[in-house]
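**Student:** Just need the structure, nothing else, for what follows:
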Amino acid sequence: MVVTPFDMGLIQRGARLRRSPYFDATQRYGCRAYTVYNHTFLPSFYDDPVTEYWHLIDNVAIWDVGVERQVEISGPDAYRLTQRLTPRDLSECAVGQGKYVLITADDGGIINDPVLVRLAKDRFWLSLADSDVLLWAKGIAISSGLDVEIEEPDVWPLQLQGPKSKPLVADLFGERVSSMPYYAFSEATLDSIPVLVTRTGWTGEIGYEIYLRDGRRGDDLWERVMRAGKPYQIRPTGPSDIRRIEAGILNYGADMTLADNPYEVGLGWTVDLNKADDFVGRRALQRIKAEGVARKIAGIEIEGAPIQFNDTKWVVSEGGKPVGQVTSAIHSPRLKKNIGYAMLPVALAELRTSLTVATPWGDRVARVVPKPFIDPKKAIPKS
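**Tutor:** This is a model prediction of the structure:
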């Protein structure tokens, strides 16, 4: 089959936007659309998103997530600075361990929600969502007078997700790596390609991320993984918004922004107000927790025929009055329901509350339901 590469001239002018080391491979394997994330091209899909969803559920998917740019913090005061950037307490984060963390502003707003990995006592990576933390970290370091180095290293993640990712990783790196606990990581090599492998992902399925540590070897790594994955029906896909919404995973920029605080989006568990080290936003978050929030994100089911993934934030009304917004919504073929999240006043975020959502297909009745919609205890990714 001859694959016609996507015409990048439709979305790029000049060299301002970055391409990951896997970009040429995504073209060869027939990526049909891209979006821009952290100033870098992110493959959107190769096939119908529902087809890609079922493949993820049943097999293993490979996904170029080089857009998850890294901020590396190192030096004598690296731990102190990293503690200052996040409200999550890192005092028990061991070398070889990762954590899901928030980066907060002085008013408690969420700047980013990266995965943090601790490579050494005084060396950390922040694997970023779609916002700039490099400049923020440099600014905090300067104002704090701490002895640190902050840079963007030559590191490019690649995700392997789905039930067959575990035997595939065992074939590639051995049982020691494939059997790592959730959010652990190991340094490794593959045919002399230097990598770091984490037990993480953005799907709610069993999954791993392979962090390439030499951008010149992107094509080599991609093809090596594809060869090893052939017995497991590996195929490239884009991000599965169906699966991440089922899993209760939030998307920075849509479901949470700088205007939102951790308690509003259900991430108060990442805030350790009593940790010994001070952090940016501490006083604001203490006040917010004491006073309570006026709104919060809730799970919803939207009645009617299957909907398409929302491109804008849909208005939510109650009694004919706008009261909130749907931040993410999509049809789950497994649940046979339209599911999503809505930011609502606290009083209307109670379970079974009935609301009206203005969709492109007309007004629909929605009701508040528990989330995550599938596997609330994360038994699947931890298995």
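**Student:** hey, let's count contacts and neighbours off CA atoms from now on
**Tutor:** Fine.
**Student:** contacting residues for Thr200?
**Tutor:** Tyr182, Tyr183, Gly207, Tyr208, Glu209 (CA atoms under 8 Å, 6 or more residues apart in numbering).
**Student:** Just give me the neighbour total for the fourth one.
**Tutor:** Using other CA atoms under 10 Å, the number of residues around Tyr208 comes to 30.
**Student:** dump the residue contacts of it.
**Tutor:** Gln159, Leu160, Gln161, Ser165, Val197, Thr198, Arg199, Thr200, Gly201.
**Student:** in what helix or strand does the first one lie?
**Tutor:** The one in question is Gln159. In this structure, Gln159 sits in strand 156-161 according to DSSP states H and E.
**Student:** CSV for the contacts of Tyr208, including distance to Pro236?
**Tutor:** Listed next are the contacts of Tyr208 as CSV, based on distance: CA to CA, whole Å:
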residue, distance to Pro236
Gln159, 10
Leu160, 9
Gln161, 10
Ser165, 13
Val197, 18
Thr198, 19
Arg199, 19
Thr200, 18
Gly201, 15
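**Student:** Most neighbours among the residues you listed, please name it.
**Tutor:** Going by other CA under 10 Å, Leu160 tops the contacts of Tyr208 with 31 neighbours.
**Student:** Looking at the residue nearest to it when sequence neighbours are not counted now. What's its pLDDT?
**Tutor:** Distances taken as CA to CA, 6 or more residues apart in numbering place Ile62 nearest to Leu160, at 4.8 Å, with adjacent residues excluded. pLDDT recorded at Ile62 is 98.
**Student:** again with Val2
**Tutor:** Confidence score, pLDDT, at Val2: 56.
**Student:** now the helices for the stretch 251-383 of the chain?
**Tutor:** Taking DSSP state H, counting those that start in this stretch, the helices of the stretch 251-383 of the chain run over residues 282-291, 379-382.
**Student:** wait, which of these is closest to Gln83?
**Tutor:** helix 282-291 (11.6 Å; CA to CA).
**Student:** Enumerate the positions of that closest one that are buried.
**Tutor:** Within helix 282-291, the residues scored as buried using 16 or more other CA atoms under 10 Å are Arg282, Ala284, Leu285, Gln286, Ile288.
**Student:** okay, the helices of the stretch 251-383 of the chain in JSON lines with mean pLDDT next?
**Tutor:** Below are these laid out as JSON lines (pLDDT from 0 to 100):
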{"stretch": "helix 282-291", "mean pLDDT": "98"}
{"stretch": "helix 379-382", "mean pLDDT": "97"}
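**Student:** And the strand ranked longest in the chain, what does it pack against?
**Tutor:** Identified as the longest strand of the chain according to DSSP state E is strand 321-332. Judged by 3 or more CA pairs under 8 Å, 6 or more residues apart in numbering; DSSP states H and E, the packing partners of strand 321-332 are helix 241-246, strand 314-318, strand 337-345.
**Student:** Which ChimeraX command selects the buried ones in the contacts of Thr200?
**Tutor:** Of the contacts of Thr200, the buried ones can be selected in ChimeraX as follows, counting by 16+ other CA under 10 Å:
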select :182,183,207,208,209
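**Student:** Go through the contacts of Thr200 and name the one nearest Ile103.
**Tutor:** Among the contacts of Thr200, Tyr183 lies closest to Ile103 (CA to CA), at 18.2 Å.
**Student:** how close does that closest one get to Phe173?
**Tutor:** 17 Å (CA to CA, to the nearest Å).
**Student:** What of Lys138?
**Tutor:** 35 Å.
**Student:** what about Ser186, how many residues close to it?
**Tutor:** Neighbours of Ser186 (other CA under 10 Å): 18.
**Student:** Shouldn't it be within a strand?
**Tutor:** Yes. Secondary structure assignment places Ser186 in a strand (DSSP: H, G, I helix; E, B strand; the rest coil).
**Student:** for stretch 273-283, which positions count as buried?
**Tutor:** Buried residues in stretch 273-283 (16+ other CA under 10 Å): Leu273, Asp278, Phe279, Val280, Gly281, Arg282.
**Student:** Need the max-distance pair from the residues you listed.
**Tutor:** Farthest pair in the buried residues of stretch 273-283, by CA to CA: Leu273 and Val280, 11.1 Å.
**Student:** Give me the common contacts of these two.
**Tutor:** Counting by CA under 8 Å, 6+ apart, the shared contacts of Leu273 and Val280 are Pro87.
**Student:** got the domain boundaries for this structure?
**Tutor:** 11-68+154-244, 70-151, 258-373 (automatic domain parsing).
**Student:** Dump those domains into CSV; add distance to Lys382 as well.
**Tutor:** Formatted as CSV, the domains of the chain follow (distance: least, CA to CA, whole Å):
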stretch, distance to Lys382
domain 11-68+154-244, 5
domain 70-151, 14
domain 258-373, 16
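**Student:** hey, where'd the helices end up in the stretch 1-150 of the chain?
**Tutor:** Counting by DSSP H, counting those that start in this stretch, the helices of the stretch 1-150 of the chain are 23-28, 49-58, 78-85, 134-144.
**Student:** nearest to Lys313, of those helices?
**Tutor:** helix 49-58 (20.2 Å).
**Student:** buried stuff in the closest one?
**Tutor:** Those would be Pro49, Val50, Glu52, Tyr53, His55, Leu56, Ile57, for helix 49-58 by 16+ other CA under 10 Å.
**Student:** if we look at it, which residues are touching it?
**Tutor:** Ala61, Gln161, Gly162, Pro163, Lys164, Glu205, Thr237, Gly238, Ser240, Ile242, Arg243, Pro333.
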